[in-house]
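# Quick one, structure for this:
(chains A, B, C and D)
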Protein chains: 2
Amino acid sequence: MTRQRLADPTPPPAPPEGGLRERKKRRTRAALIHSALELFTTQGYEQTTVDEIADAVEVSQRTFFRYFANKEEVAFAVQEAVEAQFFDALRERPAGEPPMTALRRAVSLAWDTIEQAIGETVPPELHMRMYHVIESTPALIAVHLRRSVELEERLAREIADREGLDLDSDPRPRVLVAAFSGVIRVSGRLWGARGDCSSDAIRKLTEAYLDHLTPALAEDWNTGSTHA
Amino acid sequence: MTRQRLADPTPPPAPPEGGLRERKKRRTRAALIHSALELFTTQGYEQTTVDEIADAVEVSQRTFFRYFANKEEVAFAVQEAVEAQFFDALRERPAGEPPMTALRRAVSLAWDTIEQAIGETVPPELHMRMYHVIESTPALIAVHLRRSVELEERLAREIADREGLDLDSDPRPRVLVAAFSGVIRVSGRLWGARGDCSSDAIRKLTEAYLDHLTPALAEDWNTGSTHA
DNA sequence: TTGTCAACTGTCAGTGACTGACATTAGCCT
DNA sequence: AGGCTAATGTCAGTCACTGACAGTTGACAA
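The predicted structure is shown next:
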């Protein structure tokens, strides 16, 4: 078989998404997440063993730990995806956009993409039930808080970068991100408290809350004055 | 056995500091904390096993878990004591005192009492080294954040109580406590970053920081107006 | 003093999270 | 076809943590 590929930028003429191996891995991972959330939300997080999750997907416990560093990680897999989506969206915002505008446009875009990206493996309704489990499990609350702080730090760094500021000497990126995150957290909790789990509802809610915040922070940061 | 206790308000007429049993328990507990912190700060938290701690005090592992629900708890034992001290001090502040004043006087008093109460079993220098370990151990960071949130909630509840407010409808207690806690956290981190671990240094630092905050919140809450 | 009771502790066995080592399987590529 | 290697399974072992049971020891009354 002397097959010549000449001008072929994608060596394996595989379907849109990688080879069989890749697809299998993605399927296993998705199945693990799905089964885990299903079990967590029905029996509780502590009452669910890793063995149960692995058995449900018919893989060994060892394989589970090759996909997730620990039991907590699978619980936050969806959140992780959402945040990554958001962070990517933020990074793609045009440089001219004021920081706050970039942040709120990024969340809006993220919520859109999420419905399709996540919705396939984990129905939104399950995601929301999992949110409740996290909020009512001390071990997961702790992890959730740590993750939030870590995300805020990354956001502050990104904002500082795009504005050409020094994070150590200029407090404004952190302050902005803290305020922004506070609003996001509040609207997230409200979303969890309500029954409505459509991505449209959460987006509308978030925007409404951010509208209260924006006026107070609308000044353009690139006016030269470093401090009021 | 028909035992009648007549008028005896304190069934066991124990000496000022409890019986021998009590003292023994306190000694064991103090020894466990001391050894644990010593090991955590020299080898790291994850690298230290509960068996090591128990062996160092010459008790069984099972006994360790009768004193502390888990490995984390012994790591936060000192913080726990400090917070309890602070909380007690707050509760004893006169009712007429404005909330913010009560909070800052309570911290001041707490820092005083701490030096003697804690200093006996755990030298301040060890306490500070442990603070660093907490700040650099992901598992402990998570727990620390959860504990902070829990403390804030209790503080907000206490403030709402003493002002006769409803925590669910009036946001001011939470806002005040959030601001106060933020300042405490910042000054705490600075204290950790510096070398100086005297209780006087941290108290001065805290007060200086709180001075920036107070002016903006000095209004008396009992003027009748619920919202600005 | 002595005996009883209850608290404290130790021992043991077991579960569950997690890891390293090694053998086996199964896509991938020539 | 056959070799390479990533993915998986198996096994043994560590560590945090728990329930059950037995032994020890302060506390307290007779």
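# Could you check how many residues crowd around the closest residue to A:Leu103 other than its chain neighbours?
The shortest distance from A:Leu103 to any non-neighbouring residue, by Cβ to Cβ, 6 or more residues apart in numbering or on different chains, is to A:Phe180 (5.3 Å). Every C-beta, even on glycine, is put in place using the N, C-alpha and C of the backbone. Using other Cβ atoms under 10 Å in any protein chain shown, A:Phe180 is surrounded by 23 other residues.
# What is the host helix or strand of A:Phe180 packed up against?
Take DSSP states H and E as the rule and A:Phe180 turns out to sit in helix A:172-193. Using 3 or more Cβ pairs under 8 Å, 6 or more residues apart in numbering or on different chains; DSSP states H and E as the contact test, the elements touching helix A:172-193 are helix A:99-119, helix A:124-135, helix A:138-163, helix A:199-213.
# can you list the domain ranges for chain A.
Domain assignment of chain A by automatic domain parsing yields the ranges A:20-71, A:76-218.
# End to end on the first one, go ahead and measure it.
By Cα to Cα, to the nearest Å, the extent of domain A:20-71 from end to end equals 27 Å.
# That one near DNA strand D anywhere?
Yes - judged by Cβ under 7 Å from any atom of the strand, domain A:20-71 and DNA strand D are in contact via A:21, A:24-25, A:28, A:58-63, A:66-67.
# Any chance of CSV for those residues, columns distance to B:Phe87, secondary structure and neighbour count?
Below are the residues of domain A:20-71 next to DNA strand D laid out as CSV (distance: Cβ to Cβ, whole Å; DSSP: H, G, I helix; E, B strand; the rest coil; neighbours: other Cβ atoms under 10 Å in any protein chain shown):
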residue, distance to B:Phe87, secondary structure, neighbour count
A:Arg21, 57, helix, 8
A:Lys24, 55, helix, 11
A:Lys25, 51, helix, 14
A:Thr28, 49, helix, 17
A:Glu58, 51, coil, 10
A:Val59, 48, coil, 16
A:Ser60, 48, coil, 12
A:Gln61, 43, helix, 13
A:Arg62, 46, helix, 8
A:Thr63, 47, helix, 13
A:Arg66, 45, helix, 11
A:Tyr67, 43, helix, 18
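# what two of the residues you listed are the furthest from one another?
Spanning the widest gap among those are A:Arg21 and A:Gln61, at 21.6 Å by Cβ to Cβ.
# Check the gap between A:Leu32 and A:Ser60 for me.
12 Å (Cβ to Cβ, to the nearest Å).
# what does A:Arg129 give?
When A:Arg129 is compared with A:Ser60 (using Cβ to Cβ), they lie 27 Å apart.
# just A:His127 next, same as before
27 Å.
# Next, count neighbours for whichever residue of chain A sits closest to DNA strand C.
Closest approach between chain A and DNA strand C, counting by Cβ to the nearest atom of the strand: A:Gly19, at 2.4 Å. A:Gly19 has 11 neighbours, counted by other Cβ under 10 Å.
# repeat for A:Val186
For A:Val186, using other Cβ under 10 Å, the count is 13.
# pretty sure it is in contact with A:Leu210, am I right?
No - contact criterion Cβ atoms under 8 Å: A:Val186 and A:Leu210 do not qualify, at 10.5 Å.
# now stretch A:176-186, how far from the chain's geometric center?
With Cα atoms, centre = their mean, to the nearest Å as the basis, stretch A:176-186 stands 15 Å off its chain's centre.
# wait, I meant stretch A:112-121
That offset, for stretch A:112-121, works out to 11 Å (Cα atoms, centre = their mean).
# Output that stretch as PDB, restricted to C-alpha atoms.
What follows is stretch A:112-121, C-alpha atoms only, in PDB (Å, rounded to 0.1, in the frame of the first residue of the first chain):
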ATOM      1  CA  ASP A 112     -23.800  29.600  26.100                       C
ATOM      2  CA  THR A 113     -21.100  27.100  25.300                       C
ATOM      3  CA  ILE A 114     -21.700  25.100  28.500                       C
ATOM      4  CA  GLU A 115     -25.200  24.000  27.600                       C
ATOM      5  CA  GLN A 116     -23.900  22.100  24.600                       C
ATOM      6  CA  ALA A 117     -20.400  21.100  25.900                       C
ATOM      7  CA  ILE A 118     -21.600  19.800  29.200                       C
ATOM      8  CA  GLY A 119     -25.200  19.000  28.400                       C
ATOM      9  CA  GLU A 120     -24.200  16.000  26.300                       C
ATOM     10  CA  THR A 121     -22.500  14.000  29.100                       C
END
